[in-house]
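Participant: Build the 3D model from these lines:
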Amino acid sequence: MKRILMIIALLLSGAAVADDWPDVPVPDGVKREWVADRMIFNGVAMRIFTYRYDAGVDALRQFYISAWDRRGREHKQSRQGQWWVLSSLSGDYYTTVQITDLRGHAYAQVGVSRIGDLQTSAPPGEGFPVLPRSQVISDITADDAGRASRTVIVRNRHSVGSNYNYYLNRYRGRNWTVVRKNLDQERRGASIHLARDDREMSIVIKRDEGDVNIMLVEVGP
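Facilitator: Here you go, the predicted structure:
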């Protein structure tokens with residue numbers, strides 16, 4: 001869930017490795033930590049990494065401004081709360097660098113999205129079951145340690161119990177085995193864990209004021 005929130009906060013979309021992906025420069029000596037090197041978010045391929053930089057926020061901002069200026073790339077920057085957001089568009093690829101102070105060091109979240117995919121991508125949530133009048137918030141496919149995964153977040157105004165019964169019956173009817181399930185007594189939350197062959201499914205349902213949020217995570221070979 002932390003990775004999903006980071007991706008949404010970046011205002012970006014998923015990541016996939018490809019030979020034509022542009023290289024994003026980083027200062028000498030920093031170590032990239034990959035959040036996602038193979039992901040699709042709402043139909044858009046992207047890659048995301050983070051790192052820390054000892055010289056501080058201002059030095060890191062200037063590093064990207066200078067790097068993009070040397071390459072003749074247009075760019076812009078803005079302040080959003082505690083974060084500086086720098087972005088640059090090059091062909092079909094959009095790069096965003098978010099920078100904040102972390103105990104005297106700069107902390108950067110870097111995402112590159114292939115925005116050309118927006119023209120051909122399938123609607124988010126395609127193929128996943130939802131109750132009528134549901135809204136698909138995000139749809140992420142990834143390759144985690146060699147296993148494919150898909151995470152879909154859905155929101156609706158049906159009750160927790162209605163969503164729980166819908167998904168329980170839906171997947172049981174498609175030969176999924178219920179590993180464990182839980183619906184709390186106040187019906188403000190529920191969870192279902194299922195398996196079929198070499199695939200696993202986790203469904204978490206939670207009420208948030210007038211809405212109900214559902215997160216479905218399917219993991220396969």
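Participant: I'd say residue 164 and residue 207 touch.
Facilitator: No - Residue 164 lies out of contact with residue 207 (Cβ atoms under 8 Å); the separation is 11.2 Å. C-beta: built from backbone N, CA, C; applies to glycine.
Participant: who's more crowded, these two?
Facilitator: residue 164 (24 against 17; other Cβ atoms under 10 Å).
Participant: For the more buried one, which non-adjacent residue is spatially closest?
Facilitator: residue 190 (4.2 Å; Cβ to Cβ, 6 or more residues apart in numbering).
Participant: Now whichever strand or helix holds residue 141: buried residues?
Facilitator: Residue 141 is part of strand 135-144, with elements assigned from DSSP states H and E. For strand 135-144, a neighbour-count test (16 or more other Cβ atoms under 10 Å) marks 136, 137, 138, 139, 140, 141, 142, 143 as buried.
Participant: mind listing the strands for this structure?
Facilitator: 33-41, 44-53, 75-80, 83-90, 93-102, 105-114, 135-144, 147-156, 177-183, 189-196, 199-208, 211-219 (DSSP state E).
Participant: list the helices and strands the shortest one packs on?
Facilitator: The reference is to strand 75-80. On a contact count with 3 or more Cβ pairs under 8 Å, 6 or more residues apart in numbering; DSSP states H and E, strand 75-80 meets helix 57-70, strand 83-90.
Participant: quick one: contacts of it?
Facilitator: 61, 64, 65, 68, 84, 85, 86, 87, 88 (Cβ atoms under 8 Å, 6 or more residues apart in numbering).
Participant: May I see the residues you listed arranged in JSON lines, with neighbour count as well?
Facilitator: Output for those, formatted as JSON lines (neighbours: other Cβ atoms under 10 Å):
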{"residue": "61", "neighbour count": "17"}
{"residue": "64", "neighbour count": "24"}
{"residue": "65", "neighbour count": "14"}
{"residue": "68", "neighbour count": "19"}
{"residue": "84", "neighbour count": "21"}
{"residue": "85", "neighbour count": "18"}
{"residue": "86", "neighbour count": "21"}
{"residue": "87", "neighbour count": "19"}
{"residue": "88", "neighbour count": "22"}
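Participant: Could you dump those residues into JSON lines and include pLDDT and distance to residue 116?
Facilitator: Putting the contacts of strand 75-80 into JSON lines (pLDDT from 0 to 100; distance: Cβ to Cβ, whole Å) gives the following:
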{"residue": "61", "pLDDT": "97", "distance to residue 116": "28"}
{"residue": "64", "pLDDT": "97", "distance to residue 116": "23"}
{"residue": "65", "pLDDT": "97", "distance to residue 116": "26"}
{"residue": "68", "pLDDT": "95", "distance to residue 116": "20"}
{"residue": "84", "pLDDT": "96", "distance to residue 116": "27"}
{"residue": "85", "pLDDT": "95", "distance to residue 116": "22"}
{"residue": "86", "pLDDT": "96", "distance to residue 116": "21"}
{"residue": "87", "pLDDT": "95", "distance to residue 116": "17"}
{"residue": "88", "pLDDT": "94", "distance to residue 116": "16"}
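Participant: between these, which is nearest residue 30?
Facilitator: residue 64 (12.7 Å; Cβ to Cβ).
Participant: which residue sits closest to the closest one in space, ignoring its chain neighbours?
Facilitator: Closest to residue 64 by Cβ to Cβ, 6+ apart is residue 86, at 5.2 Å.
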